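Enquirer: this one's structure only:
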């Protein structure tokens, strides 16, 4: 006799097999029954305060763990979360969005059920999601459901993008054969043929050997493309001058002498354009070339000198080759003969944030903290294992100057840049760190830089961090409003202000325990001396519990070089209609 | 020479003409320039903490003011807000959603601009909005833009549903002729022909005169349909037993002897089914017949005895007549000959919440506050002019027992029931009250009942209430979780818990001034005596500033009669797949 399991159990077991440890969401009547199947499948439930935030949290979890799950009710729940899932789609974050839908007969009877528009069309939500997910499944048929689940989850992993699974409330306990569960899902990338791979490896190597002035440009999709180590290794063995785009800031090992930090064109703290503008080869890894990520495309190398390497395609100028990147990179590294590199020598004209940090003047303990050097100076705080998260706004820009130690990682957003994204994402990431610790690994810290404006957008997820006793260190960059936007337009306009919250009261308001069972540490700093004292304290450095530092900076302060970029954006904004 | 004005000025002037006093939103780079045109057009900017909440706030404002405006950036901003706008669409709330989009050339060049999916398709957002708004406009052509704006705003008012207007950042200052602004928009409903109207009035009157056992059933769309006074008057002159559905709870004047409160079938605090089940006529005004609003459709009268009256259609059983309701109702009332009403006599068998209140036992000051009588007892606190808002969950259900004085109003949700909707909505409503006061009217109070679970979803908008110094009285129904859902499924499951916030610390955390410029009053109550002392205090009754009462109730406490409905929903949820 065929052994059977409830459909929800099947789905959750598959998620567990893929490495999901926890499911984020908000309960709704059509999800309640399924929630009972989480724990038996080895999954933990993380209740967020709202669905949008749950979506952001799942996104953060996925960026680090390589997969995550979001579970919402249909209609109101999934539509509250759609912006987060779109962001995951835009930035290749593999989130499985499970939607607990009304029972199947509500769809056929076109009933006026709650959480819908009342017009009988309950498919409208799934229609929207079809545009922002890599694959969709509606588990209405018990016979096909297991296979459908498997295919959908495989697409999530293979494409590294969100997928959408509808679980009708009357299908939760439907019995399905257990047998497929013993066969692992096939999430390995398609295999390249030797012939095609050899051909392109040779072509790329020829270009590399011929180059007199090459550089490597690394962007953030290297992480979902699964070639972080390969790209660092390639940078190491070539010794080519290596830069990152903003989104790719944390990919390359921070100890590589030829890694010069983030290339932000004329608007960066360091300006590398005299080198890049005259280069004859740019090896571009994991590109996501949005305007913000490339400073208005000013840092995108010219097509004719570019070899672009992404998940499923290698492009040499106009010719594109459909190859999976992982085995390609491994072969490229193996075959590379470093003696044939004409350009393998240090490039003393190129500086790096490491040099900037070395040359910083001694701090004046009584001086105000400024954006220009904060991100450089705080770099000494980072350690191996840390995941450093930069929210949108000034931290995203400032974080370009971070110098990360080997084994630390940077998380930021490249194109979607949704306000409020990163606090819930930090919760998701802290949960991954917690799971790592529980599985015996040495946990790193979760260190989060967030502006006051974006903190306000999703502040309640601090309570989720507290509720689940996660370890997060938060630096609130408090400049009384949307500083980034002030410089684009409306420097003194009220619309760029935010309410004057008392940020350090957050843990108490959000229910932090007072019995010592969870460590809370709060600091208010406005001078270098105050900041220095905090970050040099061993109790603070341990990263345990919730640590919040309210870093007060000047209202209009943004990094000097970046100010010009914001002013340019402002001028473009004022360009009149033709 | 034709006088011209900037396009943004044109749009905002039109909004002002329609009665909009304030625009809710979150600034984004593509909206900044347009924001400069708000104040000159006489509009106030209200900066919400995130776009979803801004959408909910605009929804609340529109429900009371009859129109409102939401202004977000495109992509991330509008998609964060889409769930709120869908709710407005489902429940006929006229919100003008203006979206500040990228300059027009970004659309034609398919640029990889920030806040988009990165695939060059920037139309995806508008495509989604086309499904959830009554009309859409994209202001890309300076020649047609004014007329397009006018038509779109007219549709918002005429259909009482959200509309969607894209304002490209490079069109903000485009010069358009001012001349149309001197012609008011045509927002009056289409005029019925006398012949058609007379015919249906006669038919309805015949049914009324012939009825031996009629009743009136009032639902919440009576408000957007603009016939609140007419329906109350109709109820008064017929003297027919009158009930409301949950969504229509605050429509009928509370002093009408023949108004018996909310009809919730077998699950109501009062059970009117022995009357309604044997009636021969049901006059159903403003119906929005969702499962929740009608207790699983159990309170929907049988089609053959129903006359249904909505904005644009009168239905007598199977025959439907396209007539606008306003002039129809006025004619119906004028023509009604009350001497011909066979059923015009009091119906002593029918009780009402008024009677329940009269017969409540004296409070035991030391007894715990319970859901069964809280909503009855708190009714004595309400006054003319109050707008009483019930969030989803236990307040929505409990609020069925409210007895509202004449001139008070109830706001709740009927079908969309999004968690977190009502706190931002209360902010929007308090703003309308504030505008009424500024224009010389005696302001009513804004009184808001909210469960702890939904408070957490959108709590930061309390800071918006404080930031703009609005007057709101909030009763937090604190029962440590999603009580409503506990009774459906998972009574003791962790997924129905929420984090134990210290709710009364909210004003301080959210930046309330301490200099006395804005009154804050905080109370923690768990017994009838404590509650009584608070609500009988004149300083509390004034409704000024922010007043918060943390009302602690039993974790599992829901109203006795409604418990059966939740249990039934739970059993339905457990129905297995066939």
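Expert: In hand now; what should we look at? A quick note: this is a predicted structure, and the numbers were derived from the prediction, not measured.

Enquirer: flag every residue of the stretch 451-578 of chain A that's near chain B.
Expert: Contact residues of the stretch 451-578 of chain A with respect to chain B, defined by Cβ under 8 Å from any Cβ of the partner chain, are listed as A:456-460, A:463-464, A:466-467, A:482, A:485, A:488-490, A:493-502, A:505-506, A:508-511, A:569, A:572-577. Every C-beta, even on glycine, is put in place using the N, C-alpha and C of the backbone.

Enquirer: any of the residues you listed buried? List them.
Expert: By the neighbour-count criterion of 16 or more other Cβ atoms under 10 Å in any protein chain shown, these include these buried positions: A:456-460, A:463-464, A:466-467, A:482, A:485, A:488-490, A:493, A:495-502, A:505-506, A:508-511, A:569, A:573, A:577.

Enquirer: any weak-confidence spans in chain A?
Expert: Along chain A, the parts satisfying pLDDT under 70 run over A:1, A:343-346, A:576-578.

Enquirer: could you chop it up by domain?
Expert: Structural domains of chain A, as assigned by automatic domain parsing, span the residue ranges A:4-182, A:194-340, A:356-573.

Enquirer: among the residues of the stretch 451-578 of chain A next to chain B, which ones are in helices?
Expert: Members of these lying in helices (criterion: DSSP state H): A:456-458, A:463-464, A:466-467, A:485, A:488, A:506, A:508-509, A:569, A:572-573.

Enquirer: and which of those is nearest residue B:359?
Expert: residue A:509 (41.0 Å; Cβ to Cβ).

Enquirer: which residues does the residue nearest to residue A:341 when sequence neighbours are not counted contact?
Expert: Leaving aside its chain neighbours, residue A:341 sits nearest to residue A:238 (6.2 Å; criterion: Cβ to Cβ, 6 or more residues apart in numbering or on different chains). Residues touching residue A:238, when contacts are defined by Cβ atoms under 8 Å, 6 or more residues apart in numbering or on different chains, comprise A:208, A:214, A:216, A:336, A:338, A:341, A:344.

Enquirer: same check, this time on residue A:411
Expert: A:60, A:63, A:64, A:250, A:387, A:388, A:389, A:390, A:422, A:425, A:429.

Enquirer: ok, now residue A:464?
Expert: Listed by Cβ under 8 Å, 6+ apart, the contact partners of residue A:464 are A:46, A:47, A:48, A:49, A:53, A:57, A:424, A:427, B:499.

Enquirer: returning to that earlier point: quick one: the residue nearest to residue A:341 and residue A:337, what's the gap?
Expert: Between residue A:238 and residue A:337 the distance is 11 Å, computed by Cβ to Cβ, to the nearest Å.

Enquirer: one more: residue A:17?
Expert: From residue A:17 over to residue A:337 the distance is 41 Å, taken as Cβ to Cβ.

Enquirer: likewise for residue A:184?
Expert: Here the distance between residue A:184 and residue A:337 works out to 38 Å (Cβ to Cβ).

Enquirer: all strands of the stretch 251-400 of chain A, in order?
Expert: For the stretch 251-400 of chain A, the strands defined by DSSP state E, counting those that start in this stretch cover A:259-262, A:281-285, A:306-310, A:313-316, A:319-321, A:387-390.

Enquirer: cool, and the stretch 101-250 of chain A?
Expert: Defined through DSSP E, counting those that start in this stretch, the strands belonging to the stretch 101-250 of chain A, from first to last, are A:135-138, A:163-168, A:175-177, A:214-218, A:242-244.

Enquirer: columns distance to residue B:202 and mean neighbour count on top of those, output as JSON lines?
Expert: JSON lines is the format used below for those (distance: least, Cβ to Cβ, whole Å; neighbours: other Cβ atoms under 10 Å in any protein chain shown):
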{"stretch": "strand A:135-138", "distance to residue B:202": "50", "mean neighbour count": "20"}
{"stretch": "strand A:163-168", "distance to residue B:202": "48", "mean neighbour count": "25"}
{"stretch": "strand A:175-177", "distance to residue B:202": "60", "mean neighbour count": "18"}
{"stretch": "strand A:214-218", "distance to residue B:202": "79", "mean neighbour count": "26"}
{"stretch": "strand A:242-244", "distance to residue B:202": "78", "mean neighbour count": "28"}
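
Enquirer: with distance to residue B:265 added, can I get these in a markdown table?
Expert: Putting the strands of the stretch 101-250 of chain A into a markdown table (distance: least, Cβ to Cβ, whole Å) gives the following:
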| stretch | distance to residue B:265 |
| --- | --- |
| strand A:135-138 | 33 |
| strand A:163-168 | 26 |
| strand A:175-177 | 35 |
| strand A:214-218 | 64 |
| strand A:242-244 | 64 |
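
Enquirer: from residue A:502, how far off is residue A:124?
Expert: Taking Cβ to Cβ as the criterion, residue A:124 is separated from residue A:502 by 42 Å.

Enquirer: swap in residue A:536?
Expert: Between residue A:536 and residue A:502 the distance is 26 Å, computed by Cβ to Cβ.

Enquirer: what does residue A:347 give?
Expert: The separation that residue A:347 has from residue A:502, given Cβ to Cβ, amounts to 49 Å.
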